[in-house]
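Peer 1: Sequence first, predicted model second:
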Amino acid sequence: MPDSPPDRSIVTLIREGTLDTELAATVWLLVEARVPLIVAAEAGQVGKSTLLDALLAFLPPGIRVVRLVGEEETFDWLPQASELGWASRPSTPDAAATAEPIRPATTVIYAAELSDHLPIYTWGKAAQVAVRAASVGYGLAATIHADSLDDVFDSLRRWPVRLSDDELSHLGIVLVMRRLEDGQRRMVAAHYVRPVARDVHGHLQRLGPAVLTTWDAAEDSFEHFGWGVTPELARRVGRRAGDFEVEVDRRREHLDRLVATAVTDSEQALAALRAYRPAEAFDHPRTDA
């Protein structure tokens with residue numbers, strides 16, 4: 001979990017209606033297990049980074065977040081860089097990033113944005129390597145300019161990123177945001193991208209993405225469909241389906257209490273999230289299963 005609180009807490013964003021506590025509780029369990037997280041919005045200044053950073057407060061202690069540095073990225077700190085397709089070039093490793101071994105099970109790779117809009121953003125081969133890293137167990141957190149899941153896929157399939165559909169299957173959770181005419185922000189769709197996997201006989205299994213949540217503009221409310229893939233989500237985080245449902249309910253209730261008591265200060269909200277204790281302890285599995 002990041003040491004410093006985000007600029008705006010997830011509790012604040014829930015109070016403003018960007019998302020609701022049920023979706024936040026589901027994402028909490030998935031992010032806690034380092035399932036990759038992508039926040040998309042077509043327009044600028046919608047709050048992609050604000051939402052991403054708020055959700056990363058759900059990471060457990062001991063998880064390192066390595067921030068990519070855009071055009072200057074060398075991946076010297078990434079042990080698997082060459083096998084993921086990165087051609088090394090002369091550089092000076094970042095001492096802070098290499099102070100201790102980088103391991104997939106304890107690392108989230110953070111890309112401020114997957115685009116070529118600014119030199120500090122990640123694109124081309126670097127974006128390709130970052131997404132590929134998710135397939136070998138690294139967490140991934142990023143934003144991207146896109147208005148739908150298909151837009152996200154199309155953008156990352158094209159040159160110069162050129163990811164395959166199997167590689168894109170490791171994107172994990174994809175949240176799509178929009179800014180309304182009155183300036184409010186809404187998370188209009190949440191998807192779970194199912195990773196390609198092999199069955200017990202070694203055959204590749206490819207399943208399409210699942211919709212977790214959509215926003216109803218007429219009612220300004222969220223409709224949830226995650227129940228349809230609860231067994232898959234539970235396996236992803238190393239729980240039984242029933243236990244997963246219980247834990248989502250408990251975390252939703254915890255967030256409801258924080259919203260009701262107006263705990264919106266970022267430091268207070270982060271402390272309240274860290275103070276939460278799950279119903280039972282469990283080990284986090286690799287997130288590429």
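Peer 2: Right, received. Where do you want to start?
Peer 1: what's the average pLDDT for the host helix or strand of G242?
Peer 2: Element membership for G242 (DSSP states H and E) is helix 241-260. Here helix 241-260 scores 95 as its mean pLDDT.
Peer 1: For that helix, which helices and strands make contact with it?
Peer 2: helix 10-15, helix 21-32, helix 230-236, helix 266-275 (3 or more C-beta pairs under 8 Å, 6 or more residues apart in numbering; DSSP states H and E). C-beta: built from backbone N, CA, C; applies to glycine.
Peer 1: Just the residues contacting that helix, thanks.
Peer 2: 10-11, 14-15, 21-22, 24-26, 28-29, 230-231, 233-234, 237, 239, 269, 272, 276, 278-280 (C-beta atoms under 8 Å, 6 or more residues apart in numbering).
Peer 1: Just checking: what are the partner strands of the least confident helix or strand in the chain by mean pLDDT?
Peer 2: Ranked by mean pLDDT, DSSP states H and E, the weakest helix or strand in the chain is strand 197-198, scoring a mean of 74. Paired neighbours of strand 197-198 in the sheet (DSSP bridges): strand 204-205 (antiparallel).
Peer 1: Following element in sequence after the strand it pairs with, please.
Peer 2: Going down the chain from strand 204-205, the next helix or strand is strand 210-216, by DSSP H and E.
Peer 1: could you dump that following strand to CSV, C-alpha only?
Peer 2: Output of strand 210-216 as CSV, limited to C-alpha atoms (Å, rounded to 0.1, in the frame of the first residue of the first chain):
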residue,chain,number,x,y,z
ALA,A,210,-17.3,-9.9,-18.0
VAL,A,211,-19.3,-6.8,-17.1
LEU,A,212,-19.1,-6.0,-13.3
THR,A,213,-21.0,-2.8,-13.2
THR,A,214,-22.8,-0.3,-15.5
TRP,A,215,-24.2,3.2,-14.7
ASP,A,216,-27.8,3.9,-15.4
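Peer 1: just checking, what packs against the helix or strand following that strand?
Peer 2: Once strand 210-216 ends, the next helix or strand along the chain (criterion: DSSP H and E) is strand 221-224. Helices and strands touching strand 221-224, by 3+ C-beta pairs under 8 Å, 6+ apart, are helix 21-32, strand 210-216.
Peer 1: and the gap between the one residue sitting closest to the centre of the chain and Q268?
Peer 2: Centroid check for the chain by C-alpha atoms, centre = their mean gives L37 as the closest residue, at 1.4 Å. With distances taken as C-beta to C-beta, to the nearest Å, L37 is found 23 Å from Q268.
Peer 1: Likewise for G208?
Peer 2: 40 Å.
Peer 1: More neighbours: which of the two?
Peer 2: Neighbour comparison, G208 and Q268: the larger count goes to Q268, with 16 against 8 (by other C-beta atoms under 10 Å).
Peer 1: Contact partners for R198?
Peer 2: L204, Q205.
Peer 1: Ok, S148 next?
Peer 2: Residues near S148 by C-beta under 8 Å, 6+ apart: A40, V176, A189.
Peer 1: Now the phi/psi pair for it, please.
Peer 2: Dihedral angles phi and psi of S148 (degrees, to the nearest 10) take the values phi -160, psi 170.
Peer 1: ok, now F153?
Peer 2: phi -60, psi -50.
Peer 1: Need the pLDDT of A289.
Peer 2: 45.
Peer 1: go on, A269?
Peer 2: A269 is assigned a predicted lDDT (pLDDT) of 87.
Peer 1: Need the contact partners of the helix or strand hosting D150.
Peer 2: Assigned by DSSP H and E, D150 falls within helix 149-157. Applying C-beta under 8 Å, 6+ apart, the contact partners of helix 149-157 are 38, 40, 42, 114, 127, 131, 144-146, 161, 163-165, 168, 171, 174, 176, 189, 191, 193, 209.
Peer 1: Where do the strands of the stretch 51-200 of the chain begin and end?
Peer 2: Under the criterion DSSP state E, counting those that start in this stretch, strands of the stretch 51-200 of the chain are mapped to 64-67, 107-111, 139-144, 173-179, 185-192, 197-198.
Peer 1: Keeping just the C-alphas, turn the fourth one into CSV.
Peer 2: Coordinates of each C-alpha in strand 173-179 appear next as CSV, following Å, rounded to 0.1, in the frame of the first residue of the first chain:
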residue,chain,number,x,y,z
ILE,A,173,-10.1,-4.6,-14.1
VAL,A,174,-10.9,-1.9,-16.6
LEU,A,175,-13.0,1.0,-15.3
VAL,A,176,-14.4,3.5,-17.8
MET,A,177,-15.2,7.1,-16.6
ARG,A,178,-17.0,10.0,-18.2
ARG,A,179,-17.6,13.6,-17.1
